[in-house]
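# Coordinates only, no sequence provided:
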Ligand SMILES: Nc1nc2c([nH]c(=O)n2[C@@H]2O[C@H](COP(=O)(O)OP(=O)(O)OP(=O)(O)O)[C@@H](O)[C@H]2O)c(=O)[nH]1
C-alpha cells in the first residue's frame, strides 16, 4: 500500500495523518508527534492452561521483557492475517484463520509510540513453537507468573487470563420459590458446581438475597479450587466481608463513578453504552446478553451471535455471553469473540435443563408449567 496523507479537522486544531508502512504519524497543532502502531498478539494456550510468552531479544525495544508472540500489522492486512503471518515467521507454527479467535483490544501509550494491541486466543496450531526472534520462550500457567518483567501493556491482559471460561450463576432463591427446601436447594447447587468443575475452572456468580448469599458462599467455597473465582452480585461491603469479588447489575454500573475497590469486579451489560461504561471503569469483565430468547426477559430482544459480536468486538475487557446458553455453546461463543459463556439453569440443574433447554433465568415453577 502506498503512503498516504490526509487532512482532518479536530477540536484541538488541524491534524495531519500520514500512513507510512503500518505506522500512523499524528502531527497536531500544539501537540507532539505520536506514532500509532497496530499490533496483533497471540494468546497461545495449551490444554493444561499454560500460555506461551517470548522474551524480547537484545537490540529491540524493551530487551529482556516478556510478551505475547505477534507483531505489527502490515498495510493491507487485517490483525488476524498479520498474526497468522507473524506466528509462522516468529515461531514456525501454522494456524488456520478460523482458529484465530478475537478476544480483547488494548491501547497503551509508550514513549516511542501509541500501540493498539489486538489480542487473539489460539487453542489449535500445528508445529512445535521455536524461538526464531525471541531470546527465549516460556510456557506459563496463569495466574502464576514465573517470568519477569512483562511488557507494561500486558499486565491487565495477564490478569484476564485468570478468568475461567465458564461462569455459573446461582439460582437458590428460584428453587425456594418453587417450594424446594433450603437444604435440598443448597445441595443441588453444590452438586452442580462439582459437575461444572469437572469441565474446567469456573467463575461462580452468587446472585441471591443477602442472607441466602452468605449461606451459599459458605456452602460452595470448600468446593472451589485455586483457579476458580467467586463473585457476589450484591453490595460492596458484603462482598468485602465475604472475601469475594463483586458483580454489578447494569443499573448499578451506570450509577458508579469509579471502580469499587475489590480485586475482581464485573458487570452485566445489555448494550454497547453499558459495555463502554464497564471498560471506562476498568472492570475485569462484562457479561453481555441475552444471546438467545429467554422466558425470564420476555420483553428483551435476543442479540443472536451476530448482535453479540457487533457489541463485543474491540472491547478492552473480556466479555462473557449469556442468555439461554450452556457448556455446549462455548465454541460458538469463542468464535463470536466471547471470553466464555455464563449460564444459569443449564449449568446448575440438570433437571430443569432437561425439562426446558431455553430456561435461562426461568424459575422452576415456570419451568414446570
Ligand atoms: N508482539 C507483542 N508486542 C507487544 C506486546 N505488548 C506490547 O506492548 N507490545 C508492543 O507492540 C509493538 C510490537 O511491535 P513488534 O514486536 O512488531 O516490533 P518491534 O518494535 O520489536 O520491532 P520492529 O520494528 O523491528 O518490527 C512493540 O512496541 C511492543 O512493545 C505483546 O504482548 N506482544
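Nice, thanks for sending it over. The shown structure was predicted, so the numbers you read here are calculated from the model rather than taken from an experiment. Numbering: from 1, shown residues only.

# What confidence value was assigned to the closest residue to the ligand within the stretch 151-300 of the chain?
Residue nearest to the ligand within the stretch 151-300 of the chain: residue 153 (3.5 Å; C-beta to the nearest ligand atom). Every residue, glycine included, has its C-beta placed from N, CA and C. In the prediction, the pLDDT value recorded for residue 153 is 95.

# By mean pLDDT, point me to the weakest helix or strand of the chain.
When each helix and strand of the chain is scored by mean pLDDT, DSSP states H and E, strand 4-10 comes last, with a mean of 29.

# quick one: the residue of the stretch 151-300 of the chain closest to the ligand and residue 105 touch, right?
No. Using C-beta atoms under 8 Å, residue 153 makes no contact with residue 105, being 11.3 Å away.

# and these two? which has more neighbours close in?
Counted by other C-beta atoms under 10 Å, residue 153 and residue 105 do not tie: residue 153 has more neighbours, with 19 against 16.

# any residue of stretch 74-91 up close to the ligand?
No. Using C-beta under 6 Å from any ligand atom, stretch 74-91 stays clear of the ligand, with a minimum separation of 7.5 Å.

# now that stretch: how far from the chain's centre is it?
Relative to the centre of its chain, stretch 74-91 is centred 22 Å away, using C-alpha atoms, centre = their mean, to the nearest Å.

# Okay, buried residues for that stretch please.
The neighbour-count criterion (16 or more other C-beta atoms under 10 Å) identifies 77, 79-80, 82-84, 86-87, 90-91 as the buried residues of stretch 74-91.

# now stretch 255-265
Within stretch 255-265, the residues that count as buried by 16+ other C-beta under 10 Å are 256, 260, 262, 264-265.

# Of these, which belong to strands?
residue 265 (DSSP state E).

# of the buried residues of stretch 255-265, closest to residue 50?
Closest to residue 50 out of the buried residues of stretch 255-265 is residue 264 (21.9 Å), distances taken as C-beta to C-beta.

# ok, for that closest one, nearest residue in space, not its chain neighbours?
Counting by C-beta to C-beta, 6 or more residues apart in numbering, residue 264 lies nearest to residue 245, which is 3.0 Å off, once chain neighbours are set aside.

# Could you list which of the buried residues of stretch 74-91 belong to helices?
79-80, 82-84, 86-87, 90-91 (DSSP state H).

# what's the most distant pair in those residues?
Among those, 79 and 91 lie farthest apart (C-beta to C-beta), at 17.1 Å.

# Am I right that the residue of the stretch 151-300 of the chain closest to the ligand is in a strand?
No. Assigned with DSSP: H, G, I helix; E, B strand; the rest coil, residue 153 falls outside any strand and is helix.

# Could you double-check that residue 269 sits in contact with residue 287?
Yes. With contacts counted by C-beta under 8 Å, residue 269 reaches residue 287, the gap being 6.9 Å.

# residues contacting the residue of the stretch 151-300 of the chain closest to the ligand?
Listed by C-beta atoms under 8 Å, 6 or more residues apart in numbering, the contact set of residue 153 reads 106, 108, 110, 115, 117.

# and what of residue 224?
Applying C-beta under 8 Å, 6+ apart, one finds that residue 224 lies in contact with 193, 204, 230.

# Report the set of residues contacting both of residue 153 and residue 105.
Both residue 153 and residue 105 are contacted by residue 117, under the criterion C-beta under 8 Å, 6+ apart.

# still on that earlier bit, sort out for me which of the contacts of residue 224 are in helices.
Per DSSP H, these map to helices at residue 193.

# Give me the neighbour count for the residue of the stretch 201-350 of the chain found nearest the ligand.
Proximity of the stretch 201-350 of the chain to the ligand (C-beta to the nearest ligand atom) peaks at residue 316, 13.8 Å away. Other residues within reach of residue 316, judged by other C-beta under 10 Å, total 19.

# if we can go back for a sec, now the buried residues of stretch 255-265 as TSV including distance to residue 171?
Listed next are the buried residues of stretch 255-265 as TSV, based on distance: C-beta to C-beta, whole Å:
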residue	distance to residue 171
256	26
260	24
262	23
264	21
265	22
